[in-house]
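K.L.:
Using only what follows, build the 3D model:
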Amino acid sequence: MSDHGATMAEIRARLTAEFAPSELEVIDDGHLHIGHAAEGKGHYRVRIVSAAFAGVAPVKRHRMVYAALADLMDHGVHALSIDAK
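P.N.:
Purely as a prediction, here's the structure:
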């Protein structure tokens, strides 16, 4: 498994354990950043739907996702786009 594949699997595992999502999609967007200073570092997009987000403001949902992935943000993840519902 590539580094990006392992990182995607870790993102998926952590979000599943933390939020028990009814829907979860983790997408590698690295190809969109070819030629950028951070080329080769992980650029990911997450779409997650979970009852854990019910009644929670969008900014707090993002903070919850970032908290679940905190140490990955310095090791494997350079950029993360989040759609949490």
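K.L.:
list the contacts for Leu69?
P.N.:
Ile11, Arg14, Leu15, Val77, Leu80 (C-beta atoms under 8 Å, 6 or more residues apart in numbering). For glycine as for every other residue, the C-beta is placed from the backbone atoms N, C-alpha and C.
K.L.:
Just the ones of the residues you listed in helices?
P.N.:
Ile11, Arg14, Leu15 (DSSP state H).
K.L.:
Closest one of those to Asp29?
P.N.:
Ile11 (12.4 Å; C-beta to C-beta).
K.L.:
and that closest one, how many neighbours does it have?
P.N.:
Using other C-beta atoms under 10 Å, Ile11 has 22 neighbouring residues.
K.L.:
pretty sure it is touching Val26, no?
P.N.:
Yes. Counting by C-beta atoms under 8 Å, Ile11 touches Val26, with 5.1 Å between them.
K.L.:
overlap in contacts of the two?
P.N.:
With C-beta under 8 Å, 6+ apart as the test, Ile11 and Val26 both reach Tyr44, Val46.
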